[in-house]
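S.K.: Here is my input; please provide its structure:
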Amino acid sequence: MAFNGWYNRLYTVTGQYIDDDDSEKYRPQIEKGFNKEGQTILYLVFEYMDTNLKKFIRRHRSNREKIPAATVKILMYQLCKGVAFVHGRGVLHRDLKPRNLLMDCKTMSLKIANLSLNQHTSSEEDFPSTDLLHQSITSAPPPLSTIGNFVDVADGNEVPLPEKKECDYRNGKWVSDNRRPLYSGFGCKHWLSESWSCRLTQRTDFAYEKFRWQPEACEMPEFEASQFLGRMQDKTIAYVGDSLGRQMFQSMMCMVTGGKQRPDVEDVGAEYGFVLAPDRATSYAMHLGRPPAFLKNNLHIFHVLVLNTGHHWNRGKLRANKWEMYLGGAPNNNRNISIIWKVKNFIIHSIVKWMDAQLPRHPQLKVFYRTISPWHFFNGDWNTGGSRDNTNPLAKGSGIHLNHSKDSDAEGAVRGTRIKLLDVTALSRLRDEGHISR
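M.R.: Residues are numbered from 1 along each chain as shown. Take a look at the predicted model:
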């Protein structure tokens with residue numbers, strides 16, 4: 001990894017040794033080349049890593065949490081394999097410490113960094129020779145996110161990682177975190193509806209704001225607004241569903257802005273025909289087998305789509321809005337789907353099936369179906385004398401471990417499709433103190 005020479009190209013590589021004289025030999029390992037005028041230098045450029053092992057450990061200590069054993073095994077496996085990879089090529093890292101081990105908390109991948117202090121050993125000499133690998137103090141030209149002298153520990157060719165399952169975030173526990181909330185309900189008035197701003201109510205206890213969800217066997221990276229905006233630059237996220245989808249959108253905007261008024265974050269809903277209605281053109285006809293026009297007209301510009309429906313499927317809503325259910329372009333006469341809960345399930349399966357069929361034509365799109373939120377009523381329902389008045393955090397426990405979703409309808413609908421289940425039902429059931437009605 002000689003960085004002392006001057007080159008007229010900036011390379012993005014995948015962790016293989018590169019020397020100027022032999023660059024053609026290692027050309028298959030070069031991912032991208034960038035023209036660079038004037039004084040040039042060879043860099044190894046890798047994807048953005050959101051933290052390092054020191055910060056990762058410190059965060060767990062500050063929250064008095066144990067790092068899951070499965071996570072420790074994954075990290076140690078990568079570290080040992082990475083050190084073996086480096087040593088096997090005659091390089092000894094002389095400053096190997098947690099701060100120089102970069103991490104991606106989402107994938108739990110680990111990379112050895114800061115190669116400015118290392119020793120190259122030669123078997124042709126009786127004593128080792130030391131060659132410093134220098135790090136440039138200049139930054140990378142945009143849009144490259146990270147430039148440095150890194151050795152990729154998780155090199156797919158040389159150091160295969162143990163097979164990992166996708167993070168099952170629905171199993172875990174709520175843990176206390178004094179860094180919460182991510183925004184204040186007193187602010188964010190531009191995005192947050194007044195009826196959903198708990199800080200504007202007469203409630204005086206706000207202990208429920210000081211918790212975050214900790215998955216059982218994987219790490220959920222901390223939300224950073226700048227990082228999120230960087231990753232989603234020139235991309236579109238859409239929430240399509242009922243008022244719960246609207247709440248997700250408003251919460252996301254408050255997190256991105258930190259609850260503050262920001263002129264650089266604009267409301268562009270009008271550009272996409274955003275409306276708070278099922279279908280303005282047919283306000284009385286609820287077409288059960290037809291995807292919303294908003295989806296059909298805008299699917300090509302979406303990069304992330306979050307679907308949801310549930311609580312508004314009741315006879316009272318239908319009568320109050322004078323909606324009539326249509327199937328196949330005509331009033332529904334099919335008794336098998338005339339019962340309201342069967343109608344809801346029919347809709348969920350229909351939209352998921354249609355959406356799954358569209359995905360091959362939209363490879364940029366990731367689609368999620370959000371499970372239903374719990375009612376949290378006891379001693380009755382919302383219209384039969386039920387109440388939600390618990391203010392004691394985690395009165396029903398702090399953790400869950402389930403093999404299946406508590407929203408079996410949604411889980412069944414996405415099974416066998418490319419639609420991902422955004423399963424929040426069970427973990428939300430534990431937070432009734434944040435969902436009071438008086």
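S.K.: CA only for contacts and neighbour counts going forward, please
M.R.: Will do.
S.K.: Poorly predicted segments of the protein, please.
M.R.: 1-48, 114-165, 272-283, 437-438 (pLDDT under 70).
S.K.: which residues in this structure form helices?
M.R.: 53-62, 69-87, 225-231, 243-257, 293-298, 315-321, 340-358, 408-414, 425-429 (DSSP state H).
S.K.: Compare these and give me the one nearest residue 205.
M.R.: Of all the helices of the chain, the one in closest proximity to residue 205, counting by CA to CA, is helix 425-429 (19.1 Å).
S.K.: For the closest one, name the packing helices and strands.
M.R.: In terms of contacts (3 or more CA pairs under 8 Å, 6 or more residues apart in numbering; DSSP states H and E), helix 425-429 is packed against strand 399-400.
S.K.: Put together TSV for the helices of the chain, with mean neighbour count and distance to residue 269 on each row.
M.R.: TSV is the format used below for the helices of the chain (neighbours: other CA atoms under 10 Å; distance: least, CA to CA, whole Å):
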stretch	mean neighbour count	distance to residue 269
helix 53-62	14	37
helix 69-87	16	41
helix 225-231	13	18
helix 243-257	18	11
helix 293-298	13	12
helix 315-321	11	24
helix 340-358	17	22
helix 408-414	18	28
helix 425-429	20	28
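S.K.: and residue 170, which of those is closest to it?
M.R.: helix 425-429 (6.7 Å).
S.K.: Return the distance of that closest one from the chain's centre.
M.R.: Relative to its parent chain, helix 425-429 has a centroid offset of 18 Å by CA atoms, centre = their mean, to the nearest Å.
S.K.: Any idea how many residues pack against residue 385?
M.R.: By other CA atoms under 10 Å, the residues close to residue 385 number 10.
S.K.: Check the gap between it and residue 316 for me.
M.R.: Separation of residue 385 from residue 316 (CA to CA, to the nearest Å) stands at 16 Å.
S.K.: mind saving the C-alpha coords of stretch 220-235 as PDB?
M.R.: Below are the C-alpha coordinates for stretch 220-235, written out as PDB (Å, rounded to 0.1, in the frame of the first residue of the first chain):
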ATOM      1  CA  MET A 220     -29.700   0.000  15.300                       C
ATOM      2  CA  PRO A 221     -27.500   3.000  14.200                       C
ATOM      3  CA  GLU A 222     -28.100   6.400  15.800                       C
ATOM      4  CA  PHE A 223     -30.200   8.700  13.700                       C
ATOM      5  CA  GLU A 224     -28.100  11.600  12.300                       C
ATOM      6  CA  ALA A 225     -30.100  14.100  10.200                       C
ATOM      7  CA  SER A 226     -27.100  15.200   8.100                       C
ATOM      8  CA  GLN A 227     -26.200  11.500   7.400                       C
ATOM      9  CA  PHE A 228     -29.800  10.700   6.500                       C
ATOM     10  CA  LEU A 229     -30.100  13.700   4.200                       C
ATOM     11  CA  GLY A 230     -26.800  12.700   2.500                       C
ATOM     12  CA  ARG A 231     -27.900   9.200   1.900                       C
ATOM     13  CA  MET A 232     -31.300  10.200   0.600                       C
ATOM     14  CA  GLN A 233     -30.100  13.100  -1.500                       C
ATOM     15  CA  ASP A 234     -32.000  13.300  -4.800                       C
ATOM     16  CA  LYS A 235     -34.300  10.500  -3.700                       C
END
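S.K.: could you list every residue that touches the residue lying closest to residue 228 once chain neighbours are set aside?
M.R.: With CA to CA, 6 or more residues apart in numbering as the criterion, residue 228 has its nearest non-adjacent residue at 7.8 Å, and that residue is residue 256. For residue 256, the contacting residues are 225, 226, 228, 229, by CA atoms under 8 Å, 6 or more residues apart in numbering.
S.K.: burial measure for residue 195, as a count.
M.R.: Counted with other CA under 10 Å, residue 195 comes out at 8.
S.K.: for it, what are its contacts?
M.R.: With the criterion set at CA under 8 Å, 6+ apart, residue 195 makes contact with nothing.
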